[in-house]
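[1] need coordinates for the below:
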Amino acid sequence: MGVYFGTDGYRGIYGQTLSPDITYKIGNSLARLCVGNRKVLIGRDTRASGSLLTLSLASGLLSYGVSVVDIGIAPTPAVAYITKKLGFDYGVVISASHNPKNYNGIKVFDKHGFKISEQEEDEIERNLLYVQETINDHLGKYRYSPKLKKLYKESLSSAAGDLGGLKIALDLANGASYQIAKELFKKKGAQIVVRHDGCNGKKINVECGALYPEVIAALTVENGCDMGFAFDGDADRIIACDEYGKVLDGDDILYLLSRKTATKNVVGTSMTNKGLELALQATGQKLLRADVGDKYVSEMMRKHDASLGGEPSGHIINHNLSTTGDGVLTALCIASIVKEEKRPLSQLASLQKLPQINKNVEVIDKYRLLNSDILSAKIIQVSKEIDENGRLLVRASGTESKLRVMCEHISIEKALQYVDEIATLITQLNKKD
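    Predicted coordinates:
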């Protein structure tokens, strides 16, 4: 992880840590990595700053002689798919995903449709120190071509069966899926109830979408729908609910899809519930755990030849169908399974999870505390006590001065006890700093 790039690209508050100037420099820096067709694809979500940042990034690319094709507002997985399909050197998404509207960011995909490596991110960061530009006949060309999104829609349509007879609720988070999701579900014959399908960016992720599952749950029940799906701002994440409004997170969805996907290994993260691990073992599949971040999930999937992977937050990756997390694709697949099985989603998504307790503890120096001998000894002691009845995880936050404590246990009382013990110890050690 570099100075600017985090687990999911470069992200910041527009006008503070993210500006047209830095976006121009990133575009110019990325251009120097282009050695193939010298073409880059750009898409964005609905945020107000998206147009300006798109043009700033495009200018940086053009100034070094790399041509740009802009497809406008599009889900992140659409950019990944079209980049690979049409042989672009890179695909770039201007989006801050699930973050509030005043944020924005930059995600970069390689020619294969995967998020770029940390080595490529480091090279981009090194190039930011100085700008290189060409002149006259060597400048790149800009083209606006939203019709290319048709390729992505055709790909998703072919992955889903007929959905006639199903009534489905959709929460589009006023984001990048505002148009495509409606079109696809209608095309497949589903009756849809839609909320938060604005496209001006003023309300993207505002009390809606994947971070507010209670909204889609209520919408589904109130309208007598068979299921509901909520996406985040760039539609690479999904949270679902069944006909009773029970919320289904990424672990529930992985379990459902694993029974329809021929794969020996399924990749989760350190936050994946142990209940999924046990359920997969019962069907002869194995759960592998990657670091938190869908980029790391995808990397481990490729390393271990796993077709399916994801995070509890709702990034679901099916390498048989896509190179990155795709909320709309996942929703279509879930609905297709319900239609094919002729059973309600509540019966199909039957994962039994272990109770999980989480607590965040603010600290002065998270890494010093995480490496404390006293804390390490306590973690070992608790882990031995838990044994096969659950799981303990203590990790540093990637963005804040906090240690995150998580415990899963067959007894929720025990989970609470262990989390409180660890959190209390961390607080005591922090006071000694």
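
[2] low-confidence ranges, this structure, go.
    Low-confidence segments of the chain (pLDDT under 70): 1-4, 7, 399, 433.

[3] show me where the stretch 251-400 of the chain has its helices.
    Ranges of helices within the stretch 251-400 of the chain are 274-282, 294-303, 327-341, 345-348, 366-370, 373-386, based on DSSP state H, counting those that start in this stretch.

[4] tell me the most buried of these?
    Across the helices of the stretch 251-400 of the chain, averaging neighbours per residue (mean count of other Cβ atoms under 10 Å) puts helix 327-341 on top, at a mean of 23. Using the backbone N, CA and C atoms, a C-beta is placed for each residue, glycine as well.

[5] show me what that helix is packed against.
    Where contact means 3 or more Cβ pairs under 8 Å, 6 or more residues apart in numbering; DSSP states H and E, helix 327-341 is packed against helix 76-86, helix 149-158, helix 180-187, strand 227-231, strand 238-241, helix 250-258, strand 316-318, helix 345-348.

[6] quick one on the thing from earlier: got the helices of the stretch 251-400 of the chain as a markdown table, with distance to Gly310 columns?
    Shown next, in a markdown table, are the helices of the stretch 251-400 of the chain (distance: least, Cβ to Cβ, whole Å):
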| stretch | distance to Gly310 |
| --- | --- |
| helix 274-282 | 10 |
| helix 294-303 | 6 |
| helix 327-341 | 9 |
| helix 345-348 | 17 |
| helix 366-370 | 26 |
| helix 373-386 | 25 |
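
[7] tell me which of those sits nearest to Leu172.
    Of all the helices of the stretch 251-400 of the chain, it is helix 327-341 that lies closest to Leu172, at 9.5 Å by Cβ to Cβ.

[8] now the closest one and helix 180-187, what's the angle there?
    Inter-element angle recorded for helix 327-341 and helix 180-187: 20 degrees (by axes from the mean of the first three to the mean of the last three Cα atoms, to 10 degrees).

[9] could I get helix 327-341 in CSV with only the CA atoms?
    Output in CSV follows, covering the C-alpha atoms of helix 327-341 (Å, rounded to 0.1, in the frame of the first residue of the first chain):
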residue,chain,number,x,y,z
GLY,A,327,-23.5,-6.0,-7.5
VAL,A,328,-25.9,-6.1,-10.4
LEU,A,329,-24.5,-9.3,-11.8
THR,A,330,-24.7,-10.9,-8.4
ALA,A,331,-28.3,-9.8,-8.0
LEU,A,332,-29.3,-11.3,-11.4
CYS,A,333,-27.6,-14.6,-10.4
ILE,A,334,-29.4,-14.7,-7.1
ALA,A,335,-32.8,-14.0,-8.7
SER,A,336,-32.1,-16.6,-11.4
ILE,A,337,-31.4,-19.3,-8.7
VAL,A,338,-34.7,-18.5,-7.0
LYS,A,339,-36.6,-18.8,-10.3
GLU,A,340,-34.8,-22.0,-11.2
GLU,A,341,-35.3,-23.6,-7.8
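
[10] for it, the distance to its chain's centre please.
    Taking Cα atoms, centre = their mean, to the nearest Å, one finds helix 327-341 lying 18 Å from the centre of the chain it belongs to.

[11] just stretch 418-431 next, same as before
    31 Å.

[12] which one of the helices of the stretch 251-400 of the chain lies closest to Arg143?
    Of all the helices of the stretch 251-400 of the chain, it is helix 327-341 that lies closest to Arg143, at 25.3 Å by Cβ to Cβ.

[13] and the angle from the closest one to strand 227-231?
    Going by the same axes, to 10 degrees, helix 327-341 makes 170 degrees with strand 227-231.

[14] distance to Pro100 for the helices and strands packed on helix 327-341 - can I get that in JSON lines?
    Conversion of the helices and strands packed on helix 327-341 to JSON lines gives the following (distance: least, Cβ to Cβ, whole Å):
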{"stretch": "helix 76-86", "distance to Pro100": "17"}
{"stretch": "helix 149-158", "distance to Pro100": "26"}
{"stretch": "helix 180-187", "distance to Pro100": "21"}
{"stretch": "strand 227-231", "distance to Pro100": "16"}
{"stretch": "strand 238-241", "distance to Pro100": "18"}
{"stretch": "helix 250-258", "distance to Pro100": "22"}
{"stretch": "strand 316-318", "distance to Pro100": "23"}
{"stretch": "helix 345-348", "distance to Pro100": "30"}
